[in-house]
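In: Can you look at this prediction? I've put the sequence above it.
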Amino acid sequence: MIQVVGTMFFKEQKLLIDKPRKRQTYQMIGGGVENGETPLQAAIRECHEELGENAQFDVEKFKLVMEFDEIATSDGKTPIHFYVFQYEGSLEGVLTTSEEIESFLWYSTSEEDAPLSNTLSNEVIPYCLQKKLIK
């Protein structure tokens, strides 16, 4: 089973998500856990890669808040084990798009037309609403 991580950053009761250039949907800031990495190390690496070198965050403020198994949105058949971290602080600096990341979105439920990954729709957004982390 593939291990995947995602990190939730919040601002003004909105969740930061990104849209990779090669996907049709927005997803969490995150990606696969590489050999020899812990989920936390993978989450920190993926945040550096996806948010760009001008984003600033404190690696001590990552907290594991959810784990679940699901099928990958990318192919509809690969089983994955997902670790979700919550960043307990404010993301500072400037977000930078890249060859991999097309755009960022501070998501709230008023963004009804934003196409979301299964992970966001089925697990993360319901969790955020239940915990009153987004509106």
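Out: Alright, I've got the coordinates.
In: use CA for all of it now, contacts and neighbours both
Out: OK.
In: Residue 65 and residue 123, how far apart?
Out: Distance, residue 65 to residue 123, using Cα to Cα, to the nearest Å: 12 Å.
In: more neighbours, the two?
Out: Counting neighbours by other Cα atoms under 10 Å for residue 65 and for residue 123 shows that residue 123 has the greater number, 16 against 13.
In: That one belongs to a helix?
Out: Yes: under DSSP: H, G, I helix; E, B strand; the rest coil, residue 123 falls within a helix.
In: How far off centre is the lowest-mean-pLDDT helix or strand in the chain?
Out: Across the helices and strands of the chain, mean confidence by mean pLDDT, DSSP states H and E is lowest for helix 118-119: a mean of 89. On the basis of Cα atoms, centre = their mean, to the nearest Å, helix 118-119 sits 11 Å off its chain's mean C-alpha point.
In: go on, stretch 37-45?
Out: 13 Å.
In: Likewise for stretch 61-77?
Out: 9 Å.
In: Name the surrounding residues that touch it.
Out: Stretch 61-77 is contacted by residues 23, 40, 78-89, 117-119 when judged by Cα atoms under 8 Å, 6 or more residues apart in numbering.
In: one more time with 7 Å
Out: 78-89, 117-118 (Cα atoms under 7 Å, 6 or more residues apart in numbering).
In: what do you get for stretch 8-16?
Out: Residues contacting stretch 8-16 (Cα under 7 Å, 6+ apart): 85-87, 91, 105-108, 133-135.
In: The contacts of stretch 61-77 in strands, which ones?
Out: 79-87 (DSSP state E).
In: quick one: which of those residues is most hemmed in?
Out: If you count neighbours using other Cα under 10 Å, the busiest of those is residue 84, which has 25 neighbours.
In: of all the contacts of stretch 61-77, which two lie farthest apart?
Out: With distance counted by Cα to Cα, no two of the contacts of stretch 61-77 lie farther apart than 78 and 89, which are 32.9 Å apart.
In: hang on, the earlier thing: and which of the ones in strands among the contacts of stretch 61-77 is nearest residue 52?
Out: residue 87 (16.5 Å).
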